[in-house]
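Peer 1: Quick one, fold the following:
(one chain, ligands or ions: 1)
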Amino acid sequence: MITTRLSAPNRGPRPERPHATGAGVVPHTPLRPMWCCRADGQPWPCGEARLLLRVEYDGNLAGLSIYLAGLMYEAMRDLYHLNPHDGPEPAALFTRFIAWSRRAG
Ligand SMILES: [Zn+2]
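Peer 2: Next comes the predicted model:
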């Protein structure tokens, strides 16, 4: 018998980067399920998180892209569950999570 049922994919990466920059410092990581920065409340990744991620993944653009794509997928899961009718557009999430990482500077 042919089945079209797929098993549910496993969870994506845990949003534990960028790491805190010192002891007692709140890291610029996302608060789920809203995906705002736990340090400054901006939509994640905030400007500071982008800067820190660029540093942490220096020379590893592929690794950064894979991490961000995994988190975009996790964010879609959370945000569309929270806002089934007016969640963010996929294109907007792509721009927010991934497109910035490809730009120079
Ligand atoms: Zn932040």
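
Peer 1: in the protein, which segments are predicted with low confidence?
Peer 2: The chain contains residues with pLDDT under 70 at 1-2, 9, 103-105.

Peer 1: Confirm Asp86 sits in a strand?
Peer 2: No. Under DSSP: H, G, I helix; E, B strand; the rest coil, Asp86 sits outside any strand and is assigned coil.

Peer 1: How many residues are close by it?
Peer 2: By other Cβ atoms under 10 Å, 7 other residues sit near Asp86. (C-beta placed from N, C-alpha, C; glycine too.)

Peer 1: ditto for Ala91
Peer 2: Using other Cβ under 10 Å: Ala91 sits among 9 other residues.

Peer 1: what do you get for Tyr67?
Peer 2: Using other Cβ under 10 Å as the criterion, Tyr67 is surrounded by 22 other residues.

Peer 1: cool, and Leu31?
Peer 2: Residues lying near Leu31 (other Cβ under 10 Å) number 13.

Peer 1: before we move on, what about Arg54?
Peer 2: Count around Arg54 with other Cβ under 10 Å applied: 15.

Peer 1: Now for it: which residues touch it?
Peer 2: By Cβ atoms under 8 Å, 6 or more residues apart in numbering, Arg54 lies in contact with 64, 101.
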